[in-house]
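> Okay, predicted coordinates and the sequence, questions at the end:
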2 protein chains.
Amino acid sequence: MTLDKEQLLKDYHLRLQEIFQLDCIGALLDWDQQVNLPAKGAQSRAEQLELMSLLAHNRQTCKEFQGLVNALGDQLDTLSSDDQVNVRESKYQLEKSLKLPETFIAQKSRARSAAYVAWIKARKANDFALVKDELQTNISLSRQEANYLGYEETPYDALLDNYEPGSKLSIIKGPLFALADELKEILPGVLKATKSAPPFGNHFEIPQQKALNERVARDLGYDFEGGRMDIAPHPFMTTLGAHDKRITTRYDQSDYLSSLLTAIHEVGHALYEQGLPSEHAGTPRGNTISLSIHESQSRIWENIVGRSKPFAKYLLGLLGEYFPEEAARASVDHIWHRLNSVRPSLIRVEADEVTYSLHVVIRMILEEEVINQGLDVEELPTRWNELYQQYLEVEVPDDANGVLQDVHWYGVGMGYFPTYALGNLYSTIMMEKITENVTEIDQKVSNGNFVEILAWLRKNVHQIGMTLRGPELAEKISGDKLSHAPFIKYIKGKFEL
Amino acid sequence: MTLDKEQLLKDYHLRLQEIFQLDCIGALLDWDQQVNLPAKGAQSRAEQLELMSLLAHNRQTCKEFQGLVNALGDQLDTLSSDDQVNVRESKYQLEKSLKLPETFIAQKSRARSAAYVAWIKARKANDFALVKDELQTNISLSRQEANYLGYEETPYDALLDNYEPGSKLSIIKGPLFALADELKEILPGVLKATKSAPPFGNHFEIPQQKALNERVARDLGYDFEGGRMDIAPHPFMTTLGAHDKRITTRYDQSDYLSSLLTAIHEVGHALYEQGLPSEHAGTPRGNTISLSIHESQSRIWENIVGRSKPFAKYLLGLLGEYFPEEAARASVDHIWHRLNSVRPSLIRVEADEVTYSLHVVIRMILEEEVINQGLDVEELPTRWNELYQQYLEVEVPDDANGVLQDVHWYGVGMGYFPTYALGNLYSTIMMEKITENVTEIDQKVSNGNFVEILAWLRKNVHQIGMTLRGPELAEKISGDKLSHAPFIKYIKGKFEL
């Protein structure tokens, strides 16, 4: 019996490693596509990505793997605590996968490809009508998916669970609505506390920007022996192996800060990945918890640390070495105001850290209305514009600047957006504890000493792997239910409201 | 019956494409390993490479694919001429693969890994004894492999066929021995015709070298929309997709020519790949013939074109733009002498185009003695040194500069070396015809106009795919059996002997 279990565990872990390597190979195909691919290589690459995704899917759902997971699931209590996590998560994902018929998965994938293509055209033509039908199909399929997957409270929960396992609308809606309401309330004060700090018009050569980005990445704790930094039009972080966590950024020669902040954001993601318990690489025990916890890591470094006054001081210290002309005119105050330009706007990806969550809450409201309340697709643009008026008090001039701006509903799926705002909440929940535990944190950040901040995250977040779900981790850290209060407190403190 | 054949063909081609994509994915893993991989990524990458190689091998030898190939092979005459080539080659490769038991393949792979590791140590320690036993195992396995594969004349033929399908010692030995003898004879004359042309000591910045390499690559006809040029310690060309043929080079800041010639060599390989009939990509009809025909393409561009006087003139014209300091002192004559420094030496990979084939013939002699005549491994170093004395009149000081210099016998296999010298022969056989067909070729090359040379190769070599075997192609081009005469004539002409 014991021997039997040993063999089951051995086979199970072999398969986990195989699935992990297949995923990593798929990630390399994607990384190379975004970083290197010559124009004419696109078609072969699409075929290769499809092939690897099929191979990985087959391995994840094949009868043999099912058998192993179920057999181990039946004796969960007898397993090591690490393997309890592994088998629990494998079982959870497997059961979800098996609820969706193969034909449905193929249908969904085709519908999304079609909607993606139509969305590209519609956005270019600034005409929602060109993608309305495809979006309607996507939404019908999402509702169908929710039915296949099942849910305790509302259909939207089933979709949210795809990106944020264990979460529900009833858990996140309260804090996110409260967040939106309070943000709206304090926004005028924030606007008064910030001022325009236009750049001096210097030119920033890319090799110098790259050197500065690398210097900062190293100072933050990114290990270049276990990763690299390249250029991609849409920056991202990706895992190509247990010790190969790569980041990308892009460059704007008129502004070193834009590239640097993007790099810091991706470094934040990579520090999480590099801090996972590597002895458990390729297993749930050694994997990241969820999109929102991942996002919390990028936001801590990009926003809470990276847009702080001590960080501006640290940056000013570096500027002399990399951009002496800029250093000659810059000041801590000028850098800080450049890092913290806040204004209500139309486009989520360009939003500042204060208004960002408002963009997200608008999308969550719309997703709930569409999925749970049957809002007609025809109504989406008008409803979108109403909500922008309500929360951000901006007039949406057209669909390209409105309902057509994000790819998610067309090419990804509904239920994803809330993870961005949850990431913001989690980041401030964690930062409260970091500030309690790291003495003289401002001075350390000014000096480019981030060791203790990272050490706290390593111990309390990274090393956890998937032992806990996102809401559980937040509760363990804060001793309280998910709340918007730390975020509001952070913003009020920062802008001295 | 017809419908049945259509379905067989459809399934067969689907599988060919799948195998092709798996090979390309493996090639990407390898490309990235050589170009990008961070230090700590090595272990995961090794696992990924092994996994992909296993997946590709399984697809190539599985019962379903066997069934398709055999069923189509039974009605070969009824297939299109393209599919006759495809099925013939699939059958040929499949039959070879199936002759080797799985356990033997695994054993061979393990033995080579062990020998590779021992070779690294032995070469570092300059001590052949440290790898003797592992080499003995490799050789015993090679003999066993020849027995499994079968042969008409000698066991060595079976190994040669792995790299040069359809070739035999009895076809290549005569021309290669004659080549070696005549080269040895004319070498003193060549040495008299060349003179030392030391570099001027200028410094060559890498971005400028890269720009020059790219300029030359473009002029030669390399399509950067279907490839890229990166840096790798051991430069190579690789196929990552039907329209993604990448090259690599390396840089020496004290000498722009070394990087440029390496780039031209790899461009030669890539022009072959980019010139294949792309409508047949992923099938034998759209694949390259053999290693030696591949090598002929790199040698034509690197040596025959790239080390010619007209090319030196073309280069001098470019220097002003990329390296004005060098241009100020250089002359066509100086560049030509730098491109054509000939001297008998110890190391194959550093050899000039005249003595290169002598290094290869020495290795072919040794391989024949080991495989066909049972030469004892213990004798290899002494025999190596004797042959270097005989053919190149150089004294081999130690094993690192002798029998331990190349990885092939330790980590690859016997039978590979002759393809290098065959590539040289094929290149001059082709160039004779090109010179007959392209009028005012010297003037065109001087002007950086390579269009007609490439057009001839496209039509007479690249577009052929695997329709012909190497020796057949050479015979079709020259109207004669494989001969060393064109190479000797080329060398004599070049050095005015």
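Everything's here; your move.
> Test for you: state the pLDDT assigned to A:G423.
As predicted, A:G423 sits at a pLDDT of 97.
> residue contacts, the residue lying closest to it once chain neighbours are set aside?
Setting aside the residues directly before and after it, A:G423 is nearest to A:E295 in space (Cβ to Cβ, 6 or more residues apart in numbering or on different chains), at 2.6 Å. For every residue, glycine as well, the C-beta is placed using N, CA and C. Shown in contact with A:E295 (Cβ atoms under 8 Å, 6 or more residues apart in numbering or on different chains): A:T419, A:Y420, A:L422, A:G423, A:N424, A:Y426, A:S427.
> Could you list the contact residues of the stretch 151-300 of chain A toward chain B?
A:D223, A:F224, A:E225, A:G226, A:G227, A:R228, A:L240, A:G241, A:A242, A:H243, A:D244, A:R246 (Cβ under 8 Å from any Cβ of the partner chain).
> Nearest to B:T262 among the residues you listed?
Closest approach between those and B:T262, by Cβ to Cβ: A:R228, at 23.7 Å.
> Where does the nearest residue to that closest one once chain neighbours are set aside fall, secondary structure wise?
Nearest residue to A:R228 in three dimensions, chain neighbours excluded: A:R246, at 5.1 Å (Cβ to Cβ, 6+ apart). Using DSSP states H and E, A:R246 sits within strand A:244-249.
> by contact count, what packs against that strand?
When contacts are defined as 3 or more Cβ pairs under 8 Å, 6 or more residues apart in numbering or on different chains; DSSP states H and E, strand A:244-249 sits against helix A:2-35, strand A:229-231, strand A:237-241, helix A:256-275.
> Apply 10 Å and report the result again.
The elements that strand A:244-249 packs onto, with contact taken as 3 or more Cβ pairs under 10 Å, 6 or more residues apart in numbering or on different chains; DSSP states H and E, are helix A:2-35, helix A:206-220, strand A:229-231, strand A:237-241, helix A:256-275, helix B:42-61.
> and of the ones you listed, who's closest to B:P310?
helix A:206-220 (36.9 Å).
> Give me the buried positions along the closest one.
A:Q209, A:K210, A:L212, A:N213, A:V216, A:A217, A:D219, A:L220 (16 or more other Cβ atoms under 10 Å in any protein chain shown).
> Make a markdown table out of those and add pLDDT.
Shown next, in a markdown table, are these (pLDDT from 0 to 100):
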| residue | pLDDT |
| --- | --- |
| A:Q209 | 98 |
| A:K210 | 98 |
| A:L212 | 98 |
| A:N213 | 98 |
| A:V216 | 98 |
| A:A217 | 98 |
| A:D219 | 98 |
| A:L220 | 98 |
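> Switch those residues over to TSV; also include distance to A:V370.
Formatted as TSV, these follow (distance: Cβ to Cβ, whole Å):
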residue	distance to A:V370
A:Q209	41
A:K210	43
A:L212	44
A:N213	40
A:V216	41
A:A217	40
A:D219	44
A:L220	39
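> on that earlier part again, got a pLDDT number for the residue nearest to A:R228?
In this prediction A:R246 is given a pLDDT of 98.
> okay, the angle between the strand holding A:R246 and helix A:2-35?
30 degrees (axes from the mean of the first three to the mean of the last three Cα atoms, to 10 degrees).
> So of the contacts of A:E295, which two are at opposite extremes in space?
It's A:T419 and A:S427 that sit farthest apart of the contacts of A:E295, by Cβ to Cβ, at 12.2 Å.
> Report the set of residues contacting both of the two.
Common contacts of A:T419 and A:S427 (Cβ atoms under 10 Å, 6 or more residues apart in numbering or on different chains): A:S292, A:I293, A:E295, A:S296.
> Name the residues of the stretch 1-150 of chain A found near chain B, please.
A:17-18, A:20-22, A:24-26, A:28-29, A:31-32, A:35-52, A:54-55 (Cβ under 10 Å from any Cβ of the partner chain).
> An error on my part: the question was meant for the stretch 301-450 of chain A.
Near chain B, when you scan the stretch 301-450 of chain A using Cβ under 10 Å from any Cβ, you find nothing.
> Okay, the residue in the stretch 301-450 of chain A that chain B sits nearest to and B:P175: tell me how far apart.
Closest approach between the stretch 301-450 of chain A and chain B, counting by Cβ to the nearest Cβ: A:Y322, at 19.0 Å. The gap separating A:Y322 from B:P175 is 61 Å, by Cβ to Cβ, to the nearest Å.
> ditto for A:T238
Here A:T238 is placed at a distance of 51 Å from B:P175 (Cβ to Cβ).
> who's more crowded, the two?
Neighbour count, other Cβ atoms under 10 Å in any protein chain shown: between A:T238 and B:P175, A:T238 has more, with 23 against 18.
> tell me the contacts of the more buried one?
Taking Cβ under 10 Å, 6+ apart, one finds A:24, A:26-28, A:30-31, A:34-35, A:227, A:232, A:244-248, A:266, A:269-270, A:273 in contact with A:T238.
> what about the helices in the stretch 251-400 of chain A?
A:256-275, A:291-299, A:309-322, A:324-329, A:332-339, A:356-371, A:380-392 (DSSP state H, counting those that start in this stretch).
> ok, so what distance separates the closest residue to A:P397 other than its chain neighbours from B:V403?
Counting by Cβ to Cβ, 6+ apart, the nearest residue to A:P397 once its immediate chain neighbours are dropped is A:L346, at 7.8 Å. Distance from A:L346 to B:V403, counting by Cβ to Cβ: 71 Å.
> Look at these two and report which has more neighbours.
Under the criterion of other Cβ under 10 Å, the comparison of A:L346 against B:V403 puts B:V403 first, with 25 against 18.
> thought the more buried one was touching B:V131?
Yes - B:V403 lies in contact with B:V131 (Cβ atoms under 10 Å); the separation is 9.5 Å.
> who touches both of the two?
Going by Cβ under 10 Å, 6+ apart, residues that sit against B:V403 and also against B:V131 are B:A122, B:R123, B:V377, B:W409.
> any idea how far A:S53 lies from chain B?
Between A:S53 and chain B the computed distance is 12 Å (Cβ to the nearest Cβ, to the nearest Å).
> So which residue is dead centre in chain A?
By Cα atoms, centre = their mean, chain A has its centre lying nearest to A:E295, at 4.0 Å.
> Mean confidence (pLDDT) on stretch A:83-100, please.
Stretch A:83-100 shows a mean pLDDT of 96.
> for stretch A:113-126, same thing?
Here the average pLDDT along stretch A:113-126 is 94.
> List the contacts of it.
Under Cβ under 10 Å, 6+ apart, the answer for stretch A:113-126 is A:112, A:127-139, A:141, A:397-407, A:409-412.
> Just the buried ones from these, in PyMOL syntax?
Of the contacts of stretch A:113-126, the buried ones go into a single PyMOL selection, burial set by 16+ other Cβ under 10 Å:
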select buried, chain A and resi 112+128+130+131+132+134+135+137+138+139+141+399+400+401+402+403+404+405+406+409+410+411+412
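> returning to that earlier point: right, and out of the shared contacts of A:T419 and A:S427, which lies closest to chain B?
A:I293 (23.2 Å).
> Tell me how far the closest residue to the closest one other than its chain neighbours lies from A:E302.
In space, and not counting its chain neighbours, A:I293 is closest to A:G470: 5.1 Å by Cβ to Cβ, 6+ apart. To A:E302, A:G470 is 19 Å away according to Cβ to Cβ.
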